[in-house]
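Trainee: Okay, predicted coordinates and the sequence, questions at the end:
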Amino acid sequence: MATPEFDNDLGDSDDYETDLELEESEVVLQQEYDPVSEMTRRYRSVCRRMGVVPASTFLRHLADRELNMDHYGLGPVGTKCIATALKINTFIESLSLEDNWMTGEGGVYMADMLKENPNITDISLANNRLCSEGAEAMGDMLVENRSLRTINLSENKFSDRDAMFFAGAMQSNRHLEELNLSGNEFSEVGGGFMGAGIGANETLTILNLSWNHLRQKGVFALCRGIRSNNTLQWLDVSWNGFDDEGASGLATVLKYNEVLTYLDLTNNRISAKGAMKMAKALFVNKTLQTLRLGKNPIGMDGSLQLLKAVRGNEQSGMHVLDLTDVLLSQEFLDLYTVVRQERPHFSVTHGGVGQDLGWVVGDIKKLRRDPMQVFQDYIWQNHTRVITVFQSFNREDGDKVTREAFKRGIKGAKIPLSPYEIEHMLDKLDSDGDGMISYGDVMAGQKELFKKKREEEWKKYTEVLEERRRRRQVKEKLEGAMDVLDKEPRTAEAWIRALHRMKVKQAPSRSSTRSGSRLGLSRPASRVSSTQPGTAEGTPREPLERAPQLMSVVGSVWKRAHRNERSSTASPVSDQPRPMLSRAGSAASRAGADPRT
């Protein structure tokens, strides 16, 4: 039987490939060139080497356009791991790593990453304490980077010296559009650097320098730079404390600037004088759309002049005038109503509406009195009752009366209350806010007044008791000190001489002369012979250990007694020095010394 022949050419051929081998080769190629897998591998490798736990959030969003890892506590080591992986990332365009305690070391890692990554256009590294090391690294990076459009470096403890790095970056970088350096420590020197940088920049449109310390000179330097700049549209210099002089410099810029549309001057100690300067600028400026002057003491006159300037400029582009926490006048509101009708797009944010308080200029004390007390005094002086006065106010014989009727009644009764005090009184009586005041409301106000008076009287009474207790303690200390002096005559003698020495060193006065007469000193106490064999003249016979303690006790009591004697002749302590010193004299006589000394 013939053996079948098989063709083994296929089995021996080197070109033979199976479907399985093709699929495996495709998987290998895919794994080799997948950027996400490569970033993951790099990130895990660095984390393992640095002893850091990989962040799952970072791994999940490697292929997204935006990555937000604020408040993750990365630290400089965690930042290094992320920066290593982001160097080859081609997906993320917006990166936010705020409040991660990177320090300057982490800032260097991020700057190195941004030099190699051409895809990130928006980055926020706020509140990371980058300090000078990070500022220098970021400045060098901005000189080389061509992709970033927005960078937020606020609250990183940058100093005046660090502003130099950003000034150089602004002069060299032709792509950055938004720079946030708020909340740092730039002062007048830093403002000078920033002014030089903005003056040479041709692309920056948004600059935030709020919450620094620019002051007057810093703002003046910034103004010089803005005059040379033709691109800056949005400027925030709020909370920099440059007062009216700085506002005057910015007002001069506004007169000629045709680019700036947003200006924030919140809380810069600008008064009505500075507001007048800004009003003159608004009268001619055509491009500014938003002006924020809130939390400045510009007053009613300053705010009114600003609104008049906006209305007087027919070509004004103003949309928003922010006067947060600024008190306005009724005249301002009336004019604002007219402006709103002429320009529906215009709006004002403001604080409360004040009243004309010119009537209190000559009598400030009126502001301190209680209107209810004045009302009650009127009732007592006219020998009438509350119900009688209330019924005279209420012409409709009802149990309630309107605020206007109550106000007319007070004026008709000629109760000495000013318009401001009447409004204050009505606000207290109309506690429910329904616009009606009942007899019960008036009685409740009267009860509250009586309660307040009782509390004040009780407070005065407790103060009197406390004063009596304090004087009693002083008296007890004096009596105790005199008892000690009777038992220790030598110490008393030493105390008298020390007290006299202290008075001799001071300039002589009538009070000291009187004190000396009370001591019974007919001649200097240093001449008192109180020596023993072997001791020097003028020194105590026996230096007792308790002498310093007695000196401090008696000295403090003596000072208190004489202070009370000078302040009040009726003090129970004022009569004590004479018997105390007589005891001291008797003690000295028992010791063998002349009692007159």
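Mentor: Arrived safely.

Trainee: My guess is residue 328 contacts residue 352. True?
Mentor: Yes: using Cβ atoms under 8 Å, residue 328 is in contact with residue 352, at 7.5 Å. No exception for glycine: its C-beta is placed from N, CA and C like everyone else's.

Trainee: Mind checking which of these two has more residues around it?
Mentor: Shown here are residue 328 and residue 352; by other Cβ atoms under 10 Å, residue 328 has more neighbours (20 against 8).

Trainee: For the more buried one, grab phi and psi.
Mentor: With angles defined as degrees, to the nearest 10, residue 328 sits at phi -110, psi 160.

Trainee: and it, what does it touch?
Mentor: 300, 303, 304, 350, 351, 352, 353, 354 (Cβ atoms under 8 Å, 6 or more residues apart in numbering).

Trainee: and the gap between residue 309 and residue 246?
Mentor: With the distance defined as Cβ to Cβ, to the nearest Å, residue 309 ends up 19 Å from residue 246.

Trainee: Give me the more crowded residue out of those two.
Mentor: Shown here are residue 309 and residue 246; by other Cβ under 10 Å, residue 246 has more neighbours (27 against 21).

Trainee: State the helix or strand in which that one lies.
Mentor: helix 243-256 (DSSP states H and E).

Trainee: just checking, what packs against that helix?
Mentor: Under the contact definition 3 or more Cβ pairs under 8 Å, 6 or more residues apart in numbering; DSSP states H and E, helix 243-256 sits against helix 215-228, helix 272-282.

Trainee: where does the protein have low pLDDT?
Mentor: Scanning the chain for pLDDT under 70 picks out 1-33, 354-368, 394-398, 481-482, 484-597.

Trainee: Of all the helices and strands packed on helix 243-256, which one is nearest residue 53?
Mentor: helix 215-228 (44.1 Å; Cβ to Cβ).

Trainee: Got the domain ranges for the chain?
Mentor: Split into domains by automatic domain parsing, the chain comes to 64-350, 359-445, 452-526+540-590.

Trainee: Using CSV, please lay out those together with distance to residue 47.
Mentor: As requested, the domains of the chain are arranged in CSV below (distance: least, Cβ to Cβ, whole Å):
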stretch, distance to residue 47
domain 64-350, 5
domain 359-445, 62
domain 452-526+540-590, 67
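
Trainee: right, so those domains: which one is the most enclosed?
Mentor: Most buried of the domains of the chain, by mean neighbour count (mean count of other Cβ atoms under 10 Å): domain 64-350, with a mean of 20.

Trainee: you'd agree residue 445 is up against residue 371?
Mentor: No: here residue 445 does not reach residue 371: they are 9.3 Å apart, not a contact under Cβ under 8 Å.

Trainee: Now the common contact residues for those two.
Mentor: 425, 428.

Trainee: wait, residue 272 sits on residue 299?
Mentor: Yes: the pair residue 272 and residue 299 qualifies as a contact (Cβ under 8 Å) at a distance of 4.6 Å.

Trainee: What residues does the closest residue to residue 218 other than its chain neighbours make contact with?
Mentor: Nearest residue to residue 218 in three dimensions, chain neighbours excluded: residue 191, at 2.3 Å (Cβ to Cβ, 6 or more residues apart in numbering). Listed by Cβ under 8 Å, 6+ apart, the contact partners of residue 191 are 163, 209, 212, 214, 215, 217, 218, 219, 220, 221, 222.

Trainee: Export the residues you listed as a markdown table, with columns for distance to residue 411.
Mentor: Shown next, in a markdown table, are those (distance: Cβ to Cβ, whole Å):
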| residue | distance to residue 411 |
| --- | --- |
| 163 | 62 |
| 209 | 54 |
| 212 | 54 |
| 214 | 53 |
| 215 | 51 |
| 217 | 55 |
| 218 | 55 |
| 219 | 51 |
| 220 | 54 |
| 221 | 58 |
| 222 | 55 |
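
Trainee: Please report the distance of the residue nearest the centre of the chain from residue 185.
Mentor: Taking Cα atoms, centre = their mean, the centroid of the chain lies closest to residue 239, which sits 10.4 Å from it. To residue 185, residue 239 is 13 Å away according to Cβ to Cβ.

Trainee: Name the residues contacting each of the two.
Mentor: residue 212.

Trainee: returning to what we had before: the residue nearest to the centre of the chain belongs to a helix?
Mentor: No: applying DSSP: H, G, I helix; E, B strand; the rest coil, one finds residue 239 to be coil, outside a helix.

Trainee: Could you report the distance from the spatially closest residue to it that is not a sequence neighbour to residue 158?
Mentor: The shortest distance from residue 239 to any non-neighbouring residue, by Cβ to Cβ, 6+ apart, is to residue 211 (4.7 Å). In this view, residue 211 and residue 158 are 12 Å apart by Cβ to Cβ.

Trainee: circling back: of all the helices and strands packed on helix 243-256, which one comes closest to residue 315?
Mentor: Among those, the nearest to residue 315 by Cβ to Cβ is helix 272-282 (11.2 Å).

Trainee: Show me what the closest one is packed against.
Mentor: On a contact count with 3+ Cβ pairs under 8 Å, 6+ apart, helix 272-282 meets helix 243-256, helix 299-312.

Trainee: Please name the residues that touch residue 40.
Mentor: Residue 40 is in contact with 59, 62, 85, counting by Cβ under 8 Å, 6+ apart.

Trainee: An error on my part: the question was meant for residue 46.
Mentor: Listed by Cβ under 8 Å, 6+ apart, the contact set of residue 46 reads 52, 80, 81, 84, 85.

Trainee: Try it again at 7 Å.
Mentor: Shown in contact with residue 46 (Cβ atoms under 7 Å, 6 or more residues apart in numbering): 80, 81, 84.

Trainee: swap in residue 181?
Mentor: 153, 154, 158, 166, 208, 209.

Trainee: Fine by me, we can end here.
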